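Peer 1: Sequence and predicted structure are below.
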Amino acid sequence: MTNGIETSQAHEVPVDVRRMRVGCEFVHIAAVDTPTVFQVEAQDAQPISVIKQEWSVEPQLRVRRYTDLYGNRCARVVLPAGRSVLRYDALLLVPDAAEDADESARELLPDELPDDVLLYTLPSRYCLPDMLGDEAWSRFGPMPTGYRRVQAICDHVNSHLTFQYGSSGSWSTAVDVNASGYGVCRDFTHLAISFCRALNIPARYVFGYLPDMDVPADPAPMDFAAWMEVWLGDRWWTFDPRNNARRKGRAVIGHGRDASDVAMVTTFGAPLLESMTVLAQEEPA
């Protein structure tokens, strides 16, 4: 990164993948210099390849990069007093296929889980399996274990909650949205994670970009997306309680216990967010 900008060279595009452009712009107005952390960079990890990316900051600022304890890429800046604009833009190669599924994937007993996966069976800031345990076991306990039980959890959350912007806030937990019946994608995800963890099924929160690729276009302005990954057998599997469908083009920014671990912006102060724009769409060849 030089003067806040980083780029990489484009690759030749294989025939079984598609180009996707993702990015975002944040415009802040700060009363004083404000240290800030951004988590908006698409992960360059299979099956996604980042072939070109660029950061820009106005006015020109020092941008420091680091990797957090979950392996997520973060960018640190000090927003100056006044108006500032941070932009991230990337060109990706994504598979021309939806994410994997396997209805035979099995749940593991807690004693069989890898050490680094156990964390994702525990309560966290927004995911409260201890408070939702009775409901989880009464609804899903009698079902056959494995992939189909996790899908049943997603089916329930998708039908129980109504998507509505402004229906929840930064303080809303899975218990809150379960009671209200309303939420946004992060709330759908927190509730499904809570039910999974209550059943001793490891589940983690995932934050990223999700294009309308080979699905009807959403008329709402583009936004970041949240979904979950569940450990079954010997790997993580993608589930999306909000859209409740396998999709093409998911580009992970980061993962953690819940949204508190993968916040798009963390400010050590109170700057005004004047605007936020998000882009995730197929790029013509």
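Peer 2: Right, received. Where do you want to start?

Peer 1: where do the strands sit along the stretch 51-200 of the chain?
Peer 2: For the stretch 51-200 of the chain, applying DSSP state E, counting those that start in this stretch gives strands covering 64-67, 73-79, 82-95, 162-163, 182-183.

Peer 1: would JSON lines of those strands with distance to T189, mean pLDDT and mean neighbour count be doable?
Peer 2: The way it works is simple: take the backbone N, C-alpha and C, and place the C-beta from them, glycine included. Putting those into JSON lines (distance: least, C-beta to C-beta, whole Å; pLDDT from 0 to 100; neighbours: other C-beta atoms under 10 Å) gives the following:
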{"stretch": "strand 64-67", "distance to T189": "23", "mean pLDDT": "94", "mean neighbour count": "11"}
{"stretch": "strand 73-79", "distance to T189": "20", "mean pLDDT": "96", "mean neighbour count": "19"}
{"stretch": "strand 82-95", "distance to T189": "21", "mean pLDDT": "96", "mean neighbour count": "20"}
{"stretch": "strand 162-163", "distance to T189": "12", "mean pLDDT": "96", "mean neighbour count": "12"}
{"stretch": "strand 182-183", "distance to T189": "9", "mean pLDDT": "97", "mean neighbour count": "22"}
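
Peer 1: Make a markdown table from those strands and add distance to A198 to it.
Peer 2: Output for those, formatted as a markdown table (distance: least, C-beta to C-beta, whole Å):
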| stretch | distance to A198 |
| --- | --- |
| strand 64-67 | 31 |
| strand 73-79 | 30 |
| strand 82-95 | 33 |
| strand 162-163 | 22 |
| strand 182-183 | 18 |
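
Peer 1: and V206, which of those strands is closest to it?
Peer 2: Closest to V206 of these is strand 73-79 (C-beta to C-beta; 14.3 Å).

Peer 1: Remind me what that closest one packs against, helices and strands.
Peer 2: Applying 3 or more C-beta pairs under 8 Å, 6 or more residues apart in numbering; DSSP states H and E, we find strand 73-79 packed against strand 34-38, strand 64-67.

Peer 1: quick one: which of the strands of the stretch 51-200 of the chain is nearest G269?
Peer 2: strand 73-79 (8.1 Å).

Peer 1: which residues are contacting the closest one?
Peer 2: The contact list for strand 73-79 (C-beta atoms under 8 Å, 6 or more residues apart in numbering) reads 4, 28, 30, 33-41, 43, 55, 57, 61-68, 86, 254, 267, 271.

Peer 1: Now the buried members of those.
Peer 2: Neighbour counting by 16 or more other C-beta atoms under 10 Å classes 4, 28, 30, 34, 36-41, 43, 55, 57, 61, 63, 86, 254, 267, 271 among the contacts of strand 73-79 as buried.

Peer 1: which sections of this structure are below the confidence cut-off?
Peer 2: Residue ranges of the chain with pLDDT under 70: 1-15.

Peer 1: If we use 80, what do you get?
Peer 2: Within the chain, the segments meeting pLDDT under 80 span 1-15, 285.

Peer 1: thinking A105 is in contact with W231, fair?
Peer 2: No. When contacts are counted by C-beta atoms under 8 Å, A105 is not listed as touching W231 (9.5 Å).

Peer 1: joint contacts of those two?
Peer 2: Listed as contacting both A105 and W231 by C-beta under 8 Å, 6+ apart are W237.

Peer 1: What segments of the stretch 101-250 of the chain are helices?
Peer 2: 129-140, 147-160, 174-180, 185-198 (DSSP state H, counting those that start in this stretch).

Peer 1: For the last one, name the packing helices and strands.
Peer 2: Using 3+ C-beta pairs under 8 Å, 6+ apart as the contact test, the elements touching helix 185-198 are helix 129-140, helix 147-160, helix 174-180, strand 203-209, strand 225-232.

Peer 1: any chance of the ones you listed in TSV, plus distance to S168 and mean neighbour count?
Peer 2: Converted to TSV, the helices and strands packed on helix 185-198 look like this (distance: least, C-beta to C-beta, whole Å; neighbours: other C-beta atoms under 10 Å):
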stretch	distance to S168	mean neighbour count
helix 129-140	16	16
helix 147-160	14	19
helix 174-180	6	19
strand 203-209	15	25
strand 225-232	12	24
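
Peer 1: so which of those comes closest to L113?
Peer 2: Between L113 and the helices and strands packed on helix 185-198, the shortest gap by C-beta to C-beta is with strand 225-232, which sits at 7.0 Å.

Peer 1: so how far is the closest one off the chain centroid?
Peer 2: Strand 225-232 sits 8 Å away from the centroid of its parent chain (C-alpha atoms, centre = their mean, to the nearest Å).
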